[in-house]
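# For reference, the sequence and a predicted model appear below.
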Amino acid sequence: MVITEVRIFPKNEEKLKAYAAVTFDNVFVVHNLRIVKGEKGLMVCMPSRKKNDGTFKDIAHPITNEFRGELEKIVLAAYDKKLAEEPPKI
């Protein structure tokens, strides 16, 4: 499976920095990945929904840590590129 496109939608919020949509093999897209600022820097959060008990559950996520790391690296690189093209509005 190859990541063929990453689209970044910047947000200017304290923790939420952007949304991302990732396309795989030019045939399948996952929307609403979030790029958030955490204690250790930026991280990519998978799309999730709120359960009745108030907790959140991922609705799409990588199965292996290896692919999660690869996906995060590619999404954050696309985010950096997008910021270089159009700095966030203050």
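It's in.
# residue ranges with poor pLDDT in the protein?
87-90 (pLDDT under 70).
# so where do the helices sit in it?
Applying DSSP state H to the chain gives helices spanning 65-85.
# Give me the most central residue, this protein.
residue 33 (3.6 Å; Cα atoms, centre = their mean).
# who's that one bridged to?
Legend: beta-bridge partners of residue 33 under DSSP bridges are residue 20.
# what do you get for residue 56?
residue 50.
# burial count for it?
When counting by other Cβ atoms under 10 Å, one arrives at 11 neighbours for residue 56. In this view, the C-beta of every residue, glycine as well, is placed from N, C-alpha and C.
# Just to check, it is in contact with residue 46?
No - using Cβ atoms under 8 Å, residue 56 makes no contact with residue 46, being 9.8 Å away.
# Now for those two: what residues contact both?
Counting by Cβ atoms under 8 Å, 6 or more residues apart in numbering, no residue touches both residue 56 and residue 46.
# on that earlier part again, the residue nearest to the centre of the chain against residue 16, yeah?
No - with contact defined as Cβ under 8 Å, residue 33 does not count as touching residue 16 (11.5 Å).
# what sits against residue 70?
Per Cβ under 8 Å, 6+ apart, neighbours of residue 70: none.
# ugh, typo on my part, it should be residue 43
If you count contacts by Cβ under 8 Å, 6+ apart, then residue 43 has 35-36, 72 around it.
# Which one of these sits in the busiest neighbourhood?
Neighbour tally across those (other Cβ under 10 Å): the maximum, 24 neighbours, falls on residue 35.
# what's the burial count for the closest residue to residue 29 other than its chain neighbours?
Excluding the flanking residues, the one nearest residue 29 by Cβ to Cβ, 6 or more residues apart in numbering is residue 23, at 4.7 Å. As a burial measure, residue 23 scores 16 neighbours (other Cβ under 10 Å).
# And for residue 46?
Using other Cβ under 10 Å, residue 46 is surrounded by 17 other residues.
# how about it, what does it touch?
Residues near residue 46 by Cβ under 8 Å, 6+ apart: 33, 58-62.
# Those residues: which two are farthest apart?
Of all pairs drawn from the contacts of residue 46, the widest gap by Cβ to Cβ lies between 59 and 62 and measures 12.9 Å.
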